[in-house]
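**Student:** coordinates only, no sequence provided:
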Ligand code: SF4
């Protein structure tokens, strides 16, 4: 007679301490856990997720959010946090991705490392309930670290998970979680994550600006927010200037992706300096202004003699930068 297969679980896995603990707690109860890491459009939680999965000996699936994630950003049902972070809706979106993986893999539950009261807006008890409901995971979203403070899930009721061996953590304290990690044999305890760009006060003005000026903006325009210095020129025009070689290369790649007559790429023709993108109607005035920004962010040219290459689609022309004739952008984002 063959041995009964272990019940399966899908864990939402950032690679941070909380999600590692959630996985380990279920592993200790004999569940077969698969970790799902969801990558959003923005630089977020730069935890070495593969290393964390290896530490736990868990299978890791990494998925990118789809274009429908833009609706979460544009119009979150449950609003934003302190920046432009739509955490409740974002978690529900990730929960839906985990639910699909749960259904495909025959798992009985989705687990996450959320702790009641750890975040002021998104991890209060009612919000945790909203996430489960909106993800279509009512009764099937288990938070092992705070389970004793929450209603029992179906796997607990059915005895697949022993509720007595779950926890009742509450609040922001990290020390008790580190102590638990040590008790559960997790050796490489990750440092706290860098957090989510959407919640940063320096980043959220870029999101606010895009939502205000380009409500129908496409994915690449959101990706662009991660890169370069951004300047709002007027209601229709924005300029982005690379800060280093990596960003210059990224701007060139995004320019190829944009493939639109509404986007221009301007680059130095006879000096070493940054690359710039011009989004919006391009005329002499705006091209001059972007060229002036390129000159401003290099010390290696004579502003009066500098030339730039202006790319529109596959066409290129070379012209003088003429920074003296430039109008300065309204403000930097
Ligand atoms: S912090 Fe960022 S990635 Fe995390 S749930 Fe909130 S919006 Fe989503």
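**Tutor:** Yes, it's here. These numbers were taken from a predicted model, which means no experiment stands behind them.

**Student:** and the stretch 51-200 of the chain, which residues reach the ligand?
**Tutor:** Taking CB under 6 Å from any ligand atom as the contact definition, the stretch 51-200 of the chain meets the ligand at 85-87, 90-91, 196, 198-199. For the C-beta atoms, the positions are set from N, CA and C on the backbone; glycine is no exception.

**Student:** what is the nearest of those to residue 210?
**Tutor:** Using CB to CB, residue 198 is the member of those that lies nearest residue 210, at 11.9 Å.

**Student:** contacting residues around that closest one?
**Tutor:** Residues near residue 198 by CB atoms under 8 Å, 6 or more residues apart in numbering: 42, 44, 81, 83-86, 204, 207.

**Student:** list the contacts of the closest residue to it other than its chain neighbours.
**Tutor:** Closest residue to residue 198 apart from its sequence neighbours, by CB to CB, 6 or more residues apart in numbering: residue 85 at 3.9 Å. Residues in contact with residue 85, defined by CB under 8 Å, 6+ apart, are 196, 198-199, 204.

**Student:** closest to the ligand among the contacts of residue 198?
**Tutor:** Distance ranking of the contacts of residue 198 against the ligand, using CB to the nearest ligand atom, places residue 85 first at 3.9 Å.

**Student:** of the contacts of residue 85, which is the most crowded?
**Tutor:** Greatest neighbour count in those, by other CB atoms under 10 Å, goes to residue 198: 25 neighbours.

**Student:** ok so that residue is a helix residue?
**Tutor:** Yes - assessed by DSSP: H, G, I helix; E, B strand; the rest coil, residue 198 belongs to a helix.

**Student:** for the longest helix anywhere in the chain, packing partners?
**Tutor:** Criterion DSSP state H: the longest helix present in the chain is helix 87-105. On a contact count with 3 or more CB pairs under 8 Å, 6 or more residues apart in numbering; DSSP states H and E, helix 87-105 meets strand 8-12, strand 32-39, helix 69-74, strand 109-111, helix 125-134.

**Student:** count of residues packed around the closest residue in space to residue 22 that isn't next to it in sequence?
**Tutor:** Closest residue in space to residue 22, ignoring its immediate chain neighbours: residue 113 at 4.1 Å, by CB to CB, 6+ apart. By the criterion of other CB under 10 Å, residue 113 has 23 neighbours.

**Student:** residue 41 now?
**Tutor:** Residues near residue 41, counting by other CB under 10 Å, number 20.
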